[in-house]
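> show me how the following folds:
(chains A and B)
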Number of protein chains: 2
Amino acid sequence: MSNRSRPSVHPLDTEVPELREGAADDHGDPPDDTVIMKDVQGMPGTPAGLALRLFQFGFAAVSVAVMAATSDFPSVTAFRYLVAALSLQCLWSLLLAIVDVYALLVKRCLRNSRVLGFVAIGDGITSTLTFGAACASAGITVLIGSDLNNCAENHCTRFETSIAMAFVSWFLVSPTFFLSFWSLASR
Amino acid sequence: MSNRSRPSVHPLDTEVPELREGAADDHGDPPDDTVIMKDVQGMPGTPAGLALRLFQFGFAAVSVAVMAATSDFPSVTAFRYLVAALSLQCLWSLLLAIVDVYALLVKRCLRNSRVLGFVAIGDGITSTLTFGAACASAGITVLIGSDLNNCAENHCTRFETSIAMAFVSWFLVSPTFFLSFWSLASR
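Below you'll find the predicted structure:
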């Protein structure tokens, strides 16, 4: 266990080292034994991180709503899976958005390694499920629209809108996953 | 740029520090200015890394072969995409297997940060394409088999075999991607 980062939240008002490449390597030891974990916008507990979470939640919710509004989505397994996976994504993003709001309100920064590990694992699982569901549904929509030319009987536009929202939601989960993973590895 | 890892390959016979957690933090500076980048089995240039590459190549090749052997795969866009994505995966894994064989033969270790970055980006792209293609094809196979009950006219078993091999190939790319990314971040 590294003793460079304290295993608890700490006030943002203290001296926080800026993101400088190789800062730890130049000095050997941090000057005042405070955290050395880098504070990048987009990580948990930052305003950009909160914005990412809210956009993830919004796009996932729109995707679920559009897909659930079509009458014939339960007849296709992949569309049911899309609704389930994007609902999970909604819940996860909403939960972490609430945690971010709390961290911002009490002016604390979530740079704890346990929190980062939990966020990285959760983001990895939900983004894999979301991406898989979006790809499976996209394959079926392309099959209906291009291969079978059967869009007249199906709600192709609604399916495509829902799938596009799901891909955007996945695309917004990736930066939070990679930032958490990177900070965890570069502790 | 960190001066802890030399930007070139170096012989394996020199003293290589073992993977000890927090070794860099305890000492501040490495004792003899040699590399501090950790040497984990599965990374590029290790026997386990070579084995992973060969298995990735093998499963991807079997997946392409089984899918291409069915007569009606070009009628479905997702199956054509599966063949394309898994062919790319084949080429990438074969290329890196050759690099690994070379590194093992000349007893050099590929712990250069540029090599690791190149491998991490390439693995990330190919694994995303492979996973997306496998998910899209799986969605269509489930649609044909479970939702439409139309397996009698289609080669469902062959499709399923090919998709299962594609998922295994993706599953084997993930450790090499995460190991490269982790070593890159923990430089």
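
> which parts of stretch A:144-156 are buried?
Of the residues in stretch A:144-156, A:Ile144, A:Gly145, A:Asn154, A:His155, A:Cys156 count as buried by neighbour count, 16 or more other C-beta atoms under 10 Å in any protein chain shown. Placement of C-beta: from N, CA and C, glycine included.

> just stretch A:105-124 next, same as before
In stretch A:105-124, counting by 16+ other C-beta under 10 Å, buried: A:Arg108, A:Cys109, A:Leu110, A:Arg111, A:Asn112, A:Val115, A:Leu116, A:Val119, A:Ala120, A:Gly122, A:Asp123, A:Gly124.

> ok, the fifth one to A:Phe118 distance?
Put plainly, it is A:Asn112. Per C-beta to C-beta, to the nearest Å, A:Asn112 is found 9 Å from A:Phe118.

> list the residues that contact both of those two?
Both A:Asn112 and A:Phe118 lack any common contact, where contact means C-beta atoms under 8 Å, 6 or more residues apart in numbering or on different chains.

> name the spans of chain A whose pLDDT lies under the cut-off.
The model of chain A has pLDDT under 70 over residues A:1-39.

> which residue ranges of it form helices?
Assigned by DSSP state H, chain A shows helices spanning A:23-27, A:47-69, A:77-105, A:113-142, A:156-185.

> output those as CSV; include the columns distance to chain B.
Shown next, in CSV, are these (distance: least, C-beta to the nearest C-beta, whole Å):
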stretch, distance to chain B
helix A:23-27, 5
helix A:47-69, 14
helix A:77-105, 4
helix A:113-142, 3
helix A:156-185, 3
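
> relative to B:Met67, which of those is closest?
Of all the helices of chain A, helix A:113-142 sits nearest to B:Met67, with 13.8 Å by C-beta to C-beta.

> chain center to that closest one: distance?
8 Å (C-alpha atoms, centre = their mean, to the nearest Å).

> and if you look at stretch A:59-73?
Taking C-alpha atoms, centre = their mean, one finds the center of stretch A:59-73 at 20 Å from the center of the full chain.

> check stretch A:132-144 too.
On C-alpha atoms, centre = their mean, the centre of stretch A:132-144 falls 22 Å from that of its chain.

> got the contact list for it?
Outside of stretch A:132-144, the residues within contact range by C-beta under 8 Å, 6+ apart are A:76, A:78-79, A:81-82, A:84-86, A:150-151, A:154, A:156, A:159-160, A:162-163, A:166-167, A:170, B:76-78, B:131-133, B:135-140, B:142-143.
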